[in-house]
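>>> fold the following for me, if possible:
(2 chains)
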Amino acid sequence: MDWHILAQQLVNGLTLGSIYGLIAIGYTMVYGIIGMINFAHGDVYMVSAYLTAICLAVLFSCGIDSLPFALLATLVAAMLITAAYGWTIERIAYRPLRGSNRLAPLISAIGMSLVLQNGVQLSQGARTQGVPSLIPATLRFGDEETFVQITLVQVMIVVVSLASMALLHWLIGRTTLGRQCRATQQDRRMAAILGIDTDRIISTVFVIGAAMAAIAGVLVTLNYGSFDFYIGFVTGIKAFTAAVLGGIGSLPGAMLGGLILGLSEALFSGMVNTDYKDVFAFSLLVLVLIFRPTGLLGKPEVEKV
Amino acid sequence: MPEQEPLLDIQQLDARYGAIQALRGVSLRVERGEIVTLIGANGAGKSTLLMSIFGDPRPSAGHIRYLGRDITGLPTHAIAKLGIAQAPEGRRIFPAMRVEENLLMGATPLGMQHIDTDLIKVFELFPRLKERRDQRAGTLSGGEQQMLAIGRALMSRPQLLLLDEPSLGLAPLVTQRIFAILGEIRATGTTIFLVEQNARQALKLAQRGYVLVNGAIRLSGSGEELLANPEVRQAYLGIRA
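Okay, the predicted model is just below:
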């Protein structure tokens, strides 16, 4: 095993893991606050990939030639529109079912996922779409034969992901809104008695989750360049795995789970076999659930009565 | 002088949990500055009454007026903003939050502008909470959690404080301490509506009381009258008539 392959896979794994972590945040926060798995979340991520392509196309056709500006504008637009999707989905598919049997919103989520996939397929076509490589800059370490290659986009992915996670961590841990989110998560009825509009907080959580998925969607589109209406499914399942691995309901857990899943997938691909990387990823999940059912950072509440 | 509206005026209130009717035609009043207590056995509907003041469960019939305004249909969070606070059954503190964060949550209806002075007031009332302000609330003892629940309710500067069995599960000395503090809270101008099973202490503290039996008001009167009432003595004070 050459060091450069190992190093390359670490870089790739870190990139992939950051993306999983960003998407996992949406799963873990929604689960934390209303106890449901939002199966439409992966498709919200998929929508943001399409938005990225559309925004870039619109900006470039308007004659905007500053790439940093175009990227920033695309990121902001994708986050806003995707957040609107998240808000709307909660409003029409989950809120009317609140207080009903736990299975009902789950089925509604699967339905919402199908609606998004088929809606995008109908409006955008079933073909794989692409965005040209906009940022070709690449760093290389090593000699001609053995080198490690890090693209600027990979650096952006890791930096933007970590910055977003840090910002979110601060928001949840230190601000009034974050405290209200945590209170609603721990005891929704009590939160309402204290004057918190819990419906508004739940909407906010969906908006935050969707905006994080949009960041992932923009970054992935810049990195891989191609996508179709079905990418939300596999990536969504992986991010969900990351959330469970880290301890569903735990924000740092989602980030950690994403990184571990990304790194182990990349290392397994590089060192053993690419075809079985998913088997490896899900086996890891099974093992963690056997030996630590609450995930790595999820812990049962310590409470005195 | 025009007659003042009672602070809280409940009329002919019915509430149900599914098929079970928990409250039947309950009417009671709480005037400004009073401590009013509601005593009754387990399952009589005391907690249901306090929760239905906050619209959860929604009353199926009857009216709740606060300062003359009908609040029966308002959403729970909107009721909190009118100046009513509750330390509910089971305390319901946020176990994973620090003590200070729990108190800050209580200030939600006011926003953050009075936080510092109000924290000082609560810490004066409950010095124990000050010592433990950075501790996770779930690690507090039962008595400390009760103090936290009351302190949190006070952070919204309520005109009306609803307390659900603050003595439940506490040692007699801690209970005495908490009842003494309720007297201090009333002295600052906060009206208290106290639900209790500990009838003796509650009736000694309160100006007026109501007795709830099977979801309906059975008796009412001043604290002293009820303490002397043979039915109350036998059923709630354990004294043979």
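
>>> contact partners for residue 85?
You didn't say which chain, so I picked chain A. A:44, A:47, A:116, A:210 (C-beta atoms under 8 Å, 6 or more residues apart in numbering or on different chains). The way it works is simple: take the backbone N, C-alpha and C, and place the C-beta from them, glycine included.

>>> that's the other chain; I wanted chain B
A:194, B:106, B:153-154, B:156, B:158, B:160-162 are the contacts of B:Ala85 under C-beta under 8 Å, 6+ apart.

>>> may I see the buried residues of stretch B:82-96?
Buried positions in stretch B:82-96, judged by neighbour count with 16 or more other C-beta atoms under 10 Å in any protein chain shown: B:82-89, B:91-96.

>>> and for stretch B:193-201?
Under 16+ other C-beta under 10 Å, the buried positions of stretch B:193-201 are B:193-196, B:198-201.

>>> greatest separation within those residues: which pair is it?
When these are compared pair by pair using C-beta to C-beta, the two farthest from each other are B:Phe193 and B:Arg200, 18.3 Å apart.

>>> coming back round to it: now the buried residues of stretch B:193-201 in CSV, with pLDDT, distance to A:Ala214 and secondary structure?
Compiled in CSV, these are given as follows (pLDDT from 0 to 100; distance: C-beta to C-beta, whole Å; DSSP: H, G, I helix; E, B strand; the rest coil):
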residue, pLDDT, distance to A:Ala214, secondary structure
B:Phe193, 98, 48, strand
B:Leu194, 97, 51, strand
B:Val195, 96, 48, strand
B:Glu196, 94, 53, strand
B:Asn198, 90, 55, coil
B:Ala199, 92, 59, helix
B:Arg200, 92, 61, helix
B:Gln201, 92, 57, helix
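
>>> could you dump those into TSV with distance to A:Thr28 added?
Shown next, in TSV, are the buried residues of stretch B:193-201 (distance: C-beta to C-beta, whole Å):
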residue	distance to A:Thr28
B:Phe193	40
B:Leu194	41
B:Val195	38
B:Glu196	41
B:Asn198	43
B:Ala199	47
B:Arg200	49
B:Gln201	46
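
>>> of these, which ones also sit close to chain A?
Among the buried residues of stretch B:193-201, proximity to chain A is found for none (C-beta under 8 Å from any C-beta of the partner chain).

>>> the residue lying closest to B:Val26 once chain neighbours are set aside and chain A: what is the separation?
Leaving aside its chain neighbours, B:Val26 sits nearest to B:Leu13 (4.5 Å; criterion: C-beta to C-beta, 6 or more residues apart in numbering or on different chains). Applying C-beta to the nearest C-beta, to the nearest Å, the value for B:Leu13 to chain A is 18 Å.

>>> likewise for B:Val26?
From B:Val26 to chain A the distance is 20 Å (C-beta to the nearest C-beta).

>>> so that residue makes contact with B:Ala216?
Yes: counting by C-beta atoms under 8 Å, B:Val26 touches B:Ala216, with 6.7 Å between them.

>>> compare neighbour counts for these two and give me the winner.
B:Val26 (25 against 16; other C-beta atoms under 10 Å in any protein chain shown).

>>> now what about the longest helix along chain B, what contacts it?
Longest helix in chain B by number of residues (criterion: DSSP state H): helix B:172-187. Applying C-beta under 8 Å, 6+ apart, the contact partners of helix B:172-187 are B:33, B:35, B:125-126, B:142-143, B:146-147, B:150, B:154, B:161, B:163, B:166-167, B:170, B:192, B:194, B:198, B:201, B:205.

>>> roughly how far out does it sit from the chain middle?
Chain-centre distance of helix B:172-187: 13 Å, with C-alpha atoms, centre = their mean, to the nearest Å.

>>> secondary structure class for A:Phe60?
Assigned state for A:Phe60: helix (three-state reduction, DSSP: H, G, I helix; E, B strand; the rest coil).

>>> what's the burial count for B:Arg133?
14.

>>> what residues does stretch B:6-13 touch?
B:23, B:25-32, B:49, B:52-53, B:59, B:61-68, B:84, B:159-160, B:191, B:193.

>>> B:Gly40 bridge partners, please.
B:Leu212 (DSSP bridges).

>>> report pLDDT for it.
In this model, B:Gly40 is scored at 93, pLDDT.

>>> quick check, it in contact with B:Ala216.
No: between B:Gly40 and B:Ala216 there is no contact under C-beta under 8 Å: 10.0 Å.

>>> contact residues of chain B facing chain A?
Counting by C-beta under 8 Å from any C-beta, chain B sits next to chain A at B:54, B:56, B:75-77, B:80-81, B:85-86, B:88, B:92, B:94-97, B:101, B:104-106, B:108-109, B:112, B:136, B:138-142, B:145, B:152, B:156, B:169.

>>> and if we set it to 7 Å?
Applying C-beta under 7 Å from any C-beta of the partner chain, one finds that chain B approaches chain A through B:54, B:56, B:76-77, B:80-81, B:86, B:88, B:92, B:94-97, B:101, B:104-106, B:108-109, B:112, B:138-142, B:156.

>>> where do the helices sit along chain B?
With helices called from DSSP H, chain B shows them at B:46-53, B:76-80, B:99-106, B:115-125, B:127-131, B:142-154, B:172-187, B:199-205, B:223-228, B:230-236.

>>> over to the stretch 151-300 of chain A?
A:152-174, A:176-186, A:188-193, A:198-224, A:231-246, A:251-271, A:277-291 (DSSP state H, counting those that start in this stretch).

>>> CSV for the ones you listed, including mean neighbour count, mean pLDDT and distance to B:Ser222?
Formatted as CSV, the helices of the stretch 151-300 of chain A follow (neighbours: other C-beta atoms under 10 Å in any protein chain shown; pLDDT from 0 to 100; distance: least, C-beta to C-beta, whole Å):
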stretch, mean neighbour count, mean pLDDT, distance to B:Ser222
helix A:152-174, 16, 95, 50
helix A:176-186, 20, 95, 39
helix A:188-193, 22, 96, 30
helix A:198-224, 24, 97, 40
helix A:231-246, 25, 94, 58
helix A:251-271, 23, 94, 53
helix A:277-291, 14, 89, 61
